[in-house]
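Student: fold the following, please.
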Amino acid sequence: MRRTALAALCIAAAATAGLTGCQPGQDTADSGTGVSSTSAASTESAESAGNKEPFAGLTGGEIADRATKATTGAGSLRMKGDIPDDESSGIISLDVALNKKGECAGTIGMGGKGRVGLIKTGDLVYMKFDEEFLREQSDGESKADTDAAVAMLAGKWTKTKATGADAKEFGDFCDLTKVLEGAEDTNSDATRGKTTTVDGTPAITLHEKDGKDRYTLYVATEGKPYLLRVDSTAGADQGSVTFSDFDEPVPARKPAGEILDLDALGG
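Tutor: Reported below is the predicted structural model:
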């Protein structure tokens with residue numbers, strides 16, 4: 001298997017979150033379905049600015065290897081995007097900053113069926129569930145029990161030990177070391193693509209194949225060669241994840257106000 005380890009990051013992240021999606025498909029970045037802010041004009045302007053060719057003399061695989069080293073070497077980063085989840089046939093929406101200390105802060109949307117606010121600091125996981133999520137998770141329960149859970153928990157911060165069953169699925173996702181586990185194993189045959197920008201950062205696209213799977217990777221051409229984005233599609237399943245805020249502090253702090261203790265409630 002010659003898939004670049006960087007292309008596997010979204011799969012690794014999904015796996016550690018208890019998800020099963022991130023199914024790749026046909027590479028369509030150059031036909032306009034890659035980074036939404038990218039256009040022919042931006043590409044042309046970058047090329048006409050007199051800048052030197054990024055990563056001159058390097059193959060796509062060599063660029064991917066450099067990006068792997070830079071990205072996996074980061075102590076923290078932010079992941080944001082949508083990942084198809086085969087198990088629920090829905091979409092997992094992520095916007096989470098996490099680090100190698102096991103801290104995180106952000107939100108996870110569960111296939112259009114609710115959203116969870118997530119903070120992990122120390123040995124505690126704080127979660128805030130919206131009403132839609134609670135009702136979805138209460139499927140099969142009586143209406144009275146479901147309404148009671150919504151009244152008690154919806155929109156309120158809760159806390160539980162990171163080792164508890166209720167928190168483990170989310171808590172594991174907060175550990176960047178686990179998310180990046182195995183990503184250092186590179187053997188890429190990626191090919192070089194066009195130069196472009198990702199959220200204003202100059203980048204080069206790399207096209208990666210693994211059997212029928214197709215990926216487009218976006219690697220920063222200024223500063224450290226971080227992976228900025230991974231796009232993948234497979235029929236109706238489309239996924240895209242961006243990476244940013246490398247080595248920035250993660251705002252993982254105890255929420256203000258009242259916090260319900262799920263462990264004390266027997267949660």
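Student: I'd like the distance between Ala162 and Asn187.
Tutor: For Ala162, the distance to Asn187 equals 35 Å [Cβ to Cβ, to the nearest Å]. C-beta here means a position set from N, CA and C on the backbone, and glycine is covered the same way.
Student: please compute how far the longest helix along the chain lies from its chain's middle.
Tutor: For the chain, the longest helix by residue count, based on DSSP state H, is helix 60-72. Centroid displacement of helix 60-72 relative to its chain, using Cα atoms, centre = their mean, to the nearest Å, is 18 Å.
Student: and for stretch 219-231?
Tutor: Mean C-alpha position of stretch 219-231 versus that of the full chain (Cα atoms, centre = their mean) differs by 15 Å.
Student: endpoints of that stretch, how far apart?
Tutor: 12 Å (Cα to Cα, to the nearest Å).
Student: re the thing from before, look at Ala162 and Asn187 and report which has more neighbours.
Tutor: Legend: neighbour count by other Cβ atoms under 10 Å for Ala162 and Asn187, higher for Ala162 (19 against 12).
Student: from memory that one sits against Val125, does it?
Tutor: Yes. Counting by Cβ atoms under 8 Å, Ala162 touches Val125, with 5.0 Å between them.
Student: can you list the strands that the helix or strand hosting Arg192 pairs with?
Tutor: Assigned by DSSP states H and E, Arg192 falls within strand 191-198. If you go by DSSP bridges, strand 191-198 pairs up with strand 201-210 (antiparallel).
Student: now the partner strand: mean pLDDT?
Tutor: Averaged across strand 201-210, pLDDT comes to 90.
Student: could you give the angle of it to helix 60-72?
Tutor: Compare the direction of strand 201-210 with that of helix 60-72 by axes from the mean of the first three to the mean of the last three Cα atoms, to 10 degrees and you get 110 degrees.
Student: buried ones in stretch 52-68?
Tutor: Neighbour counts over stretch 52-68 (16 or more other Cβ atoms under 10 Å) mark Pro54, Phe55, Leu58, Gly60, Gly61, Ile63, Ala64, Asp65, Arg66, Ala67, Thr68 as buried.
Student: what does stretch 250-265 give?
Tutor: Val250, Ala252, Pro255, Leu260, Leu262.
Student: just curious, which of the residues you listed is nearest to Gly117?
Tutor: Among the buried residues of stretch 250-265, Pro255 lies closest to Gly117 (Cβ to Cβ), at 8.3 Å.
Student: nearest residue to the closest one in space, please, no chain neighbours.
Tutor: Trp157 (4.3 Å; Cβ to Cβ, 6 or more residues apart in numbering).
Student: partners of that neighbour in the sheet?
Tutor: Trp157 has the following beta-bridge partners by DSSP bridges: Lys128, Ile259.
Student: secondary structure element for the residue nearest to the spatial centre of the chain?
Tutor: Centroid-nearest residue in the chain, with Cα atoms, centre = their mean: Met79, separated by 3.8 Å. Assigning secondary structure by DSSP H and E places Met79 in strand 76-85.
Student: and the buried residues of stretch 250-265, which is the shakiest by pLDDT?
Tutor: Leu262 (88).
Student: OK, contacts around it?
Tutor: Neighbour list for Leu262: Thr158, Lys159, Thr160, Gly164, Asp166 [criterion: Cβ atoms under 8 Å, 6 or more residues apart in numbering].
Student: how does it look with 6 Å?
Tutor: Counting by Cβ atoms under 6 Å, 6 or more residues apart in numbering, Leu262 touches Thr158, Thr160.
Student: point out where the stretch 1-150 of the chain drops to low pLDDT.
Tutor: For the stretch 1-150 of the chain, the stretches with pLDDT under 70 are 1-51, 85-89.
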